[in-house]
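Undergrad: Fold the following.
(one chain, ligands or ions: 1)
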Amino acid sequence: MRRFEGKVAFVTGAAAGIGRATALRLATEGASVFLIDLAVEGLQETAKQCEALGAAAAHARCDVTREVEVRETMKACIERFGRLDALCNIAGIILLQHFEKITVDQFRRVLEVNLVGTFLLCQAALPHLLATRGAIVNTSSTSALAGLPYGSAYGTSKGGVSALTRTLAVEFGKQGLRCNAVNPGSIQTAMSGDGILPKDADMRLMARTMSISKPMGPEVVAGVIAMLASEDGIHINGEEIRVDGGTLA
Ligand SMILES: NC(=O)c1ccc[n+]([C@@H]2O[C@H](COP(=O)([O-])OP(=O)(O)OC[C@H]3O[C@@H](n4cnc5c(N)ncnc54)[C@H](O)[C@@H]3O)[C@@H](O)[C@H]2O)c1
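TA: Sure thing, here's the model as predicted:
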């Protein structure tokens, strides 16, 4: 399948995990990819792997929370590749903490990266995506759909990502732009590793969020992101797709 032949995709969080898997999937399918993250070594490695698949790849260190950096990096993408067909917003952070203990600075930081970062990228990409009748795929989470204990900041940020996704879908759908999201459950990446829960977490509360499937890697999310960004998703707009093996079914 070469659904992205001649197309350009911008991928955030591309140094690792779901972002890297998505970059590789899009590159496999013929896309030229522009990759951003904070982690330069990881970015270089992803770009190298994309090029080994025959794709054109460019990368830049960019903090998704910084408006000027985001705008300049988007400009660099257009200068390099001349167009933009898909924006995949994947960069994110998690912080799980008892609600009584989370500080307002921690709460703000999670919203800043996951929600404000997604907003800034969508705004910077908008004119370029309208020009190509392109697509945005945002990364929400099952925590936007069902309460995640200790995830007051994370779940709130992802609920915002879901709402932003639907808003852009209806505001720009008539102009041919599509905006959708994925809601991954627990996926094996650095983010889901040991030690993310508070030490005294009540595991009875966590039981309801435990995956009912065998552990899965980031490729299972990348495939759904690619579908939503491609022509196969042409009539899907303002939709969220759970990628959780049925855990929340
Ligand atoms: N892994 C899971 O279980 C899971 C579940 C649901 C949703 N998600 C979401 O999927 C997305 C990808 O997560 P992942 O599991 O691949 O985690 P990851 O930690 O492997 O990747 C996240 C990437 O985002 C980058 N990043 C963080 N802050 C940034 C910033 N300010 N600017 C630019 N880049 C930044 C990191 O450097 C990292 O490379 C996130 O939005 C996450 O919330 C993950």
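
Undergrad: going forward, measure contacts between C-alpha atoms and count neighbours the same way
TA: Will do.

Undergrad: so where do the helices sit in this structure?
TA: Taking DSSP state H to define them, one finds helices in the chain at 17-28, 40-52, 67-81, 104-111, 117-132, 152-172, 203-206, 219-229.

Undergrad: how about JSON lines for these, with mean neighbour count added?
TA: Shown next, in JSON lines, are these (neighbours: other C-alpha atoms under 10 Å):
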{"stretch": "helix 17-28", "mean neighbour count": "26"}
{"stretch": "helix 40-52", "mean neighbour count": "19"}
{"stretch": "helix 67-81", "mean neighbour count": "17"}
{"stretch": "helix 104-111", "mean neighbour count": "17"}
{"stretch": "helix 117-132", "mean neighbour count": "20"}
{"stretch": "helix 152-172", "mean neighbour count": "21"}
{"stretch": "helix 203-206", "mean neighbour count": "11"}
{"stretch": "helix 219-229", "mean neighbour count": "22"}
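
Undergrad: Of the ones you listed, which is nearest the ligand?
TA: Of all the helices of the chain, it is helix 17-28 that lies closest to the ligand, at 3.4 Å by C-alpha to the nearest ligand atom.

Undergrad: quick one: is the closest one near the ligand?
TA: Yes: using C-alpha under 6 Å from any ligand atom, helix 17-28 reaches the ligand at 17-19.

Undergrad: Could you give the average pLDDT over that helix?
TA: For helix 17-28, mean pLDDT is 99.

Undergrad: tilt between that helix and helix 40-52?
TA: 20 degrees (axes from the mean of the first three to the mean of the last three C-alpha atoms, to 10 degrees).

Undergrad: Quick one: residues contacting the residue nearest in space to the middle of the chain.
TA: Nearest to the mean C-alpha position of the chain, by C-alpha atoms, centre = their mean, lies Ile90 at 1.9 Å. Listed by C-alpha atoms under 8 Å, 6 or more residues apart in numbering, the contact set of Ile90 reads 11-14, 18-19, 138-139.

Undergrad: Met210 contacts Leu248, doesn't it?
TA: No: using C-alpha atoms under 8 Å, Met210 makes no contact with Leu248, being 9.7 Å away.

Undergrad: which one of those two has more residues nearby?
TA: Neighbour comparison, Met210 and Leu248: the larger count goes to Leu248, with 16 against 13 (by other C-alpha atoms under 10 Å).

Undergrad: distance of that one from Ser143?
TA: 10 Å (C-alpha to C-alpha, to the nearest Å).

Undergrad: Which of the helices and strands in the chain ranks last by mean pLDDT?
TA: Least confident helix or strand, the chain: helix 203-206 with a mean of 93, by mean pLDDT, DSSP states H and E.

Undergrad: do that helix and the ligand meet at all?
TA: No: Helix 203-206 lies out of reach of the ligand by C-alpha under 6 Å from any ligand atom, never closer than 13.9 Å.
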